[in-house]
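Participant: Take this sequence and fold it.
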Amino acid sequence: MWGLGPTVADPIGPADGPLTALDAVHAVEAELGHVLDEALCRARAVDPLFARDVAGRVTAFVLRGGKRLRTAFAWCGWRAAGGSGDATALLRTGVALELVQACALIHDDVMDGSPLRRGAPAVHVDLARMHRAARMTGPPEAFATSAAVLAGDLALVWADDLLTGTALGSPYGPQLYREWRAMRGEMVAGQYLDIHAQAAGSSGVDEALGIATLKSALYTVERPLALGASLAGADAQTLDALRSAGRCAGLAFQLRDDLLGTFGDPDLTGKPAGDDLRARKLTYLLAVGLRLAEASGDREAADVLGPHASARSDETVERMRAALKRTGAWTVVEDRITELAATSLRHFAKAGADPVVRREFAALVERASGVAPKRTGEAA
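Facilitator: Below is the predicted model of the structure:
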């Protein structure tokens, strides 16, 4: 068992490492349990109340599920760059990615006021319930917001500790750390641009794509691919191909997430539908819809999709959904997702991965984007 620190432990997994992306996910799932058990033990040594209320909630949130896509993409990058043998560093990196994802989601739910995540109450909602049940003083929401921010911070601390230890124990540590450092900065920049665009009532298509790229696409696919490849000592050409593949696949993932956030079934997605419309967050879907409405002279659609000060009721959200369908924005976004997924596979092929890894990557892109991209070499 290895912890969050830099101690070098025995190799994990089979001699040749995880043979498939699914194997890597299973190995990381098992290791998550070990890592979080150790983290909870350390938290209890600091303070039992902190361990129960904060560290315990982070642990439960991380173990509650998630697609584990970042781990799978890191494995693809590792294998594409020739990674084999002891997979300890790869699995540590996968666990760190799951922890930084937990940080991002906990904080995102606070900023968006989202009540649900992964089919259960969001962390800040659960903390507010705890406040009420314990009959604590002060506003429950203010306490819950503060405590949830700390919970997200703790997940990031655990992720950074783990990645730092991995980098220190790897001959390719400097490159690994550079990718990690860039990823964290991009995430924060993307989140800020997101809330700034919402407050400013922005509507630009290019701005929406920039936010989607920084906030999600890079840390969902591009950086995990590069992190995995870095652990195998990838050269510049391989890294460039993987980064291009990852940026396209990651953007396809985010555009799909925008569609699901607008039209999806909460019972299937585990989070509410319509929250982005209610808050008028600048998504590519919204920006395209507004542009098409203005170009076609659809004043009703342009008015309901445009920025305005009044609160958006359930009826307004339904009108926004109808406008996005009527203008053809939904179709435009679907077509863009398909194009991005196919382009991603073409870039990945340039990395020189063997056919097995290319098939694994294609399956992951399909899972992330919701479309089956035509693979390189297939007949038209």
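
Participant: For residue 327, see how far away the residue of the chain most remote from its centre is.
Facilitator: Largest separation from the mean C-alpha position in the chain: residue 297, at 36.5 Å (Cα atoms, centre = their mean). Between residue 297 and residue 327 the distance is 11 Å, computed by Cβ to Cβ, to the nearest Å. Heads up, the C-betas are built off the backbone N, CA and C, glycines and all.

Participant: before we move on, what about residue 45?
Facilitator: Distance from residue 45 to residue 327, by Cβ to Cβ: 57 Å.

Participant: Give me the more crowded residue out of those two.
Facilitator: residue 327 (23 against 9; other Cβ atoms under 10 Å).

Participant: Next, the contact list for the closest residue in space to that one that isn't next to it in sequence, please.
Facilitator: Here the nearest residue to residue 327 in space, its sequence neighbours aside, is residue 292; by Cβ to Cβ, 6 or more residues apart in numbering that works out to 4.1 Å. Contacts for residue 292 (Cβ atoms under 8 Å, 6 or more residues apart in numbering) come out as 298, 301, 327-329, 332.

Participant: Then residue 70?
Facilitator: The contact partners of residue 70, by Cβ under 8 Å, 6+ apart, come to 94, 97-98, 101, 219-221, 224.

Participant: I'd like the distance from it to residue 317, if you could.
Facilitator: Distance of residue 70 to residue 317, computed by Cβ to Cβ: 31 Å.

Participant: again, but for residue 193
Facilitator: Relative to residue 317, and taking Cβ to Cβ, residue 193 is found at 23 Å.

Participant: mean confidence for stretch 102-121?
Facilitator: In this model, stretch 102-121 carries a mean pLDDT of 90.

Participant: How much space separates the most centrally placed residue in the chain from residue 331?
Facilitator: Geometric centre of the chain, nearest residue: residue 220, 4.7 Å, by Cα atoms, centre = their mean. Distance from residue 220 to residue 331, counting by Cβ to Cβ: 24 Å.

Participant: again, but for residue 143
Facilitator: Counting by Cβ to Cβ - residue 143 and residue 331 are separated by 45 Å.

Participant: Which one of those two is surrounded by more residues?
Facilitator: residue 143 (18 against 13).

Participant: How confident is the prediction for that one, by pLDDT?
Facilitator: At residue 143, the predicted lDDT confidence score is 96.

Participant: residues in contact with it?
Facilitator: By Cβ under 8 Å, 6+ apart, residue 143 lies in contact with 127-128, 131, 136.

Participant: any idea of the mean pLDDT for the helix or strand where residue 185 lies?
Facilitator: Using DSSP states H and E, residue 185 sits in helix 173-200. Across helix 173-200, pLDDT averages out at 95.

Participant: Next: stretch 297-306.
Facilitator: Stretch 297-306 shows a mean pLDDT of 94.

Participant: And for stretch 209-229?
Facilitator: 95.

Participant: How about it, which residues are buried there?
Facilitator: 209-229 (16 or more other Cβ atoms under 10 Å).

Participant: what do you get for stretch 99-110?
Facilitator: Buried residues in stretch 99-110 (16+ other Cβ under 10 Å): 99-110.

Participant: Identify the residues contacting it?
Facilitator: Contact partners of stretch 99-110, identified using Cβ under 8 Å, 6+ apart, comprise 58, 61-62, 66, 70, 114, 117, 122-124, 145, 148-149, 151-153, 155-156, 158-159, 162, 183-184, 187, 191, 219.

Participant: Narrow these to those that are buried.
Facilitator: By neighbour count, with 16+ other Cβ under 10 Å, those hold 58, 61-62, 66, 70, 114, 117, 122-124, 145, 148-149, 151-152, 155-156, 158-159, 162, 183-184, 187, 191, 219 as buried.

Participant: Strands along the chain, start to end?
Facilitator: Using DSSP state E, the strands found in the chain span residues 116-117, 120-121.

Participant: wait, which of those is closest to residue 369?
Facilitator: Closest approach to residue 369 among these is made by strand 116-117 (21.4 Å; Cβ to Cβ).

Participant: List the contacts of the nearest residue to residue 264 once chain neighbours are set aside.
Facilitator: Distances taken as Cβ to Cβ, 6+ apart place residue 273 nearest to residue 264, at 5.1 Å, with adjacent residues excluded. Taking Cβ under 8 Å, 6+ apart, we find residue 273 in contact with 260-266.

Participant: Which of those ranks first by neighbour count?
Facilitator: In terms of neighbours by other Cβ under 10 Å, the contacts of residue 273 top out with residue 262 at 24 neighbours.

Participant: Which pLDDT value belongs to residue 327?
Facilitator: For residue 327, pLDDT reads 96.

Participant: so who does it touch?
Facilitator: Listed by Cβ under 8 Å, 6+ apart, the contact set of residue 327 reads 288-289, 292-293, 296, 298, 301.

Participant: Thanks again, I'm all set now.
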